[in-house]
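Asks: sequence plus the predicted model coming up.
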Amino acid sequence: MTTLKAVRGTRDLLPAETGLWNRIEATARSVFERYNFGEIRTPVFEDTALFSRGVGEETDIVSKEMYTWEDRARAQSEKTQQLTLRPENTAGVVRAYIEHKLGETGQLQKLYYIGPQFRRERPQKGRYRQFSQIGAEVIGPVSAGSESPLRDAEVLEMLSTLLDELGISGWTLKINSVGSASDRPKYIETLKAALAPIVSQMCVDCQRRAVTNPLRVLDCKVPEDQPFIDALPRIADSLDEDSKAHFAAVCAALDAASVPYTRDHRLVRGLDYYTRTTFEFTHGGLGAQNALLGGGRYDGLSELIGGPKAPGIGFAMGEDRLVLTLQAVEAAKAELADAYIAPLGEAQNAAALELARELRRSQPDRPGLRIELGDGSFRLKKSFEAADKVARTIVMLGEDEAKSGILTVKDFASGVQSKVARVELAAFLLSSRNKY
Ligand code: ATP
Ligand code: MG
């Protein structure tokens with residue numbers, strides 16, 4: 001008999017891994033609660049029409065990635081239905097918002113979800129057929145302020161906090177505006193006109209997209225096509241005054257909150273429902289699948305699926321990709337020494353050796369403290385540079401420190417500098433090792 005295996009693109013998560021998944025989910029829940037979001041859980045399968053209307057027939061998701069089947073009627077009172085495993089969760093959340101008349105509360109609805117999504121993609125690292133998303137939506141009637149650029153900025157600021165609390169540093173936030181429902185057709189016409197004379201020199205996918213969905217040309221990753229794409233007209237030049245003002249207000253609020261971002265004129269995202277703000281957080285450690293999360297504003301989505309006007313903004317993060325990023329962070333951390341001892345001046349060399357010996361011997365049971373010893377002939381800057389490459393922290397030992405027994409310790413990841421008594425130094429270094 002052939003042995004049965006997990007289906008291509010799906011995976012088992014064993015206890016060695018689920019700890020990290022649970023930690024990520026707990027951190028996300030804790031951040032969402034502080035921003036006053038509540039959890040929503042929608043069904044894993046829905047009427048196919050929800051996605052074909054909500055996400056859009058011409059998107060990759062709907063045109064080739066959905067798991068759809070015909071669900072036979074079980075009784076005469078039932079109809080045979082087209083059902084689909086959800087490829088994303090925003091459409092389901094908006095359907096629930098409409099179905100439960102949440103708009104009638106007059107309040108903004110701030111909802112988050114964590115759960116599996118399904119897309120028939122080519123499986124590779126960071127890309128699976130069943131994957132998990134952590135997402136949130138802010139949606140409500142216009143009178144509740146759902147169109148305000150402050151909502152966009154708050155969501156982005158929350159994401160920067162969440163990534164920081166997860167221990168993911170080195171992310172990049174890219175934002176753009178795709179304009180209102182009336183800006184887009186104008187831009188698409190401009191784009192079509194610009195593509196017409198050049199598209200025959202581009203890849204076959206672009207030739208098809210130029211006809212079916214010209215915005216998608218901007219997503220093309222084929223290297224030879226890039227010079228053509230860079231020269232195409234920008235959507236920023238097709239925005240009306242309201243959309244421009246909205247985008248400027250989002251940027252101003254991000255600046256005020258010190259959330260770093262860059263504008264990416266090509267960021268139009270793969271789902272048709274987006275209006276105005278679109279964004280993506282990427283991380284260099286992920287390789288080709290570098291998007292940690294994506295999202296944007298969807299002012300017309302509710303009406304597309306038969307609901308009242310209910311502007312909103314939301315995002316979905318790939319939990320599988322958060323796990324990969326954190327595993328890489330942890331692997332890199334595991335190779336770092338716990339401390340680099342920097343004697344301040346050659347007169348402190350002997351004292352530094354004594355301190356290193358004390359720390360190295362303090363934990364004879366594995367895993368003990370891993371200590372790198374610098375040299376008092378180095379200038380402070382050189383010690384810092386050397387320490388930053390090989391250790392998590394630097395411990396400075398000068399004449400004052402030697403006399404007082406109080407050492408200055410700087411943690412490179414957090415940037416925090418602390419004064420620590422020599423007798424407590426081993427315990428301090430051990431406890432800071434396990435913070436994630
Ligand atoms: P990509 O460009 O990577 O295909 P996307 O534009 O299809 O992403 P969204 O639909 O916006 O992605 O989904 C949001 C996030 O969900 C992505 O940024 C990514 O982290 C994650 N994601 C999407 N598809 C997959 C997948 N097949 N496997 C794992 N994670 C995924
Ligand atoms: Mg995709």
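Replies: Received it, and whenever you're ready, just let me know what you need. Numbers count the residues shown, from 1 in each chain. Ligands and ions are numbered 1, 2, ... in the order given.
Asks: report all helices and strands that the helix or strand harbouring L429 contacts.
Replies: Applying DSSP states H and E as the criterion places L429 in helix 425-433. Secondary structure elements in contact with helix 425-433, counted by 3 or more CB pairs under 8 Å, 6 or more residues apart in numbering; DSSP states H and E, are helix 349-361, strand 393-397, strand 406-411. Yep, even glycine has a C-beta here, placed from its N, CA and C like the rest.
Asks: who are the packing partners of the last one?
Replies: Contacts of strand 406-411 with other secondary structure elements, assessed using 3+ CB pairs under 8 Å, 6+ apart, are made with strand 393-397, strand 417-421, helix 425-433.
Asks: returning to that earlier point: the helix holding L429 - what's its average pLDDT?
Replies: Throughout helix 425-433, pLDDT has a mean value of 89.
Asks: in contact with the residue nearest to L336 when sequence neighbours are not counted, which residues?
Replies: Nearest residue to L336, sequence neighbours excluded (CB to CB, 6 or more residues apart in numbering): R392, at 4.9 Å. R392 makes contact with K333, L336, A337, D338, A339, D411, F412, A413, S432, R433, according to CB atoms under 8 Å, 6 or more residues apart in numbering.
Asks: now do the closest residue to E65 other than its chain neighbours, the pLDDT please.
Replies: Nearest non-adjacent residue to E65, counting by CB to CB, 6+ apart: R119, 4.1 Å away. Note on R119: pLDDT of 98.
Asks: now do the helix or strand containing D242: which elements does it pack against?
Replies: In this structure, D242 sits in helix 241-256 according to DSSP H and E. When contacts are defined as 3+ CB pairs under 8 Å, 6+ apart, helix 241-256 packs onto helix 149-166, strand 171-177, strand 275-283.
Asks: rerun at 6 Å
Replies: Packing partners of helix 241-256 (3 or more CB pairs under 6 Å, 6 or more residues apart in numbering; DSSP states H and E): helix 149-166, strand 275-283.
Asks: toward the C-terminus, what is the element adjacent to that helix?
Replies: Note on helix 241-256: by DSSP H and E, the next helix or strand toward the C-terminus is strand 262-263.
Asks: gap between E57 and ligand 1?
Replies: Between E57 and ligand 1 the computed distance is 16 Å (CB to the nearest ligand atom, to the nearest Å).
Asks: so what's the residue in the chain sticking out farthest from the centre closest to, chain neighbours aside?
Replies: Residue distances from the centre of the chain (CA atoms, centre = their mean) peak at A347, which lies 48.8 Å from the mean C-alpha position. With CB to CB, 6+ apart as the criterion, A347 has its nearest non-adjacent residue at 6.8 Å, and that residue is G376.
Asks: and if you look at I24?
Replies: Ranked by CB to CB, 6+ apart and with sequence neighbours excluded, the top spatial neighbour of I24 is L322, at 5.5 Å.
Asks: before we move on, what about S132?
Replies: Leaving aside its sequence neighbours, S132 sits nearest to E319 (CB to CB, 6+ apart; 4.0 Å).
Asks: pLDDT score assigned to the one you found?
Replies: The model reports E319 with a pLDDT of 98.
Asks: what's the burial count for it?
Replies: Neighbours of E319 under the rule other CB atoms under 10 Å: 23.
Asks: do the same with K192
Replies: What K192 shows, counting by other CB under 10 Å, is a neighbour count of 14.
Asks: swap in the one 5 residues further on?
Replies: For P197, the count of nearby residues is 8 (other CB under 10 Å).
Asks: quick one: list the elements packing against the particular helix or strand that has K382 in it.
Replies: If you go by DSSP H and E, K382 is part of helix 380-390. Applying 3+ CB pairs under 6 Å, 6+ apart, one finds that helix 380-390 contacts no other helix or strand.
Asks: export that helix as PDB, just CAs?
Replies: Backbone C-alpha positions of helix 380-390 (Å, rounded to 0.1, in the frame of the first residue of the first chain) are rendered in PDB as follows:
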ATOM      1  CA  LEU A 380      35.600  52.700  22.600                       C
ATOM      2  CA  LYS A 381      34.100  53.000  19.100                       C
ATOM      3  CA  LYS A 382      36.200  50.000  17.900                       C
ATOM      4  CA  SER A 383      35.100  48.000  20.900                       C
ATOM      5  CA  PHE A 384      31.400  48.800  20.200                       C
ATOM      6  CA  GLU A 385      31.800  47.800  16.500                       C
ATOM      7  CA  ALA A 386      33.500  44.600  17.400                       C
ATOM      8  CA  ALA A 387      31.000  43.800  20.100                       C
ATOM      9  CA  ASP A 388      28.000  44.500  17.900                       C
ATOM     10  CA  LYS A 389      29.200  41.800  15.500                       C
ATOM     11  CA  VAL A 390      29.700  39.000  18.000                       C
END
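Asks: what comes up buried for that helix?
Replies: The neighbour-count check on helix 380-390 (16 or more other CB atoms under 10 Å) flags S383, F384, A386, A387 as buried.
Asks: same question for that helix, mean pLDDT?
Replies: Averaged across helix 380-390, the pLDDT comes to 94.
Asks: kindly report the same for stretch 21-31.
Replies: Per-residue scores along stretch 21-31 average to 97.
Asks: do that stretch and ligand 1 meet?
Replies: No. Under the criterion of CB under 6 Å from any ligand atom, ligand 1 is not reached by stretch 21-31; the shortest gap measures 12.8 Å.
Asks: run through who's touching the helix or strand where N22 lies.
Replies: Per DSSP H and E: N22 is located in helix 15-34. By CB atoms under 6 Å, 6 or more residues apart in numbering, the surrounding residues in contact with helix 15-34 are Y112, I114, I134, L162, E165, L166, L322, V323.
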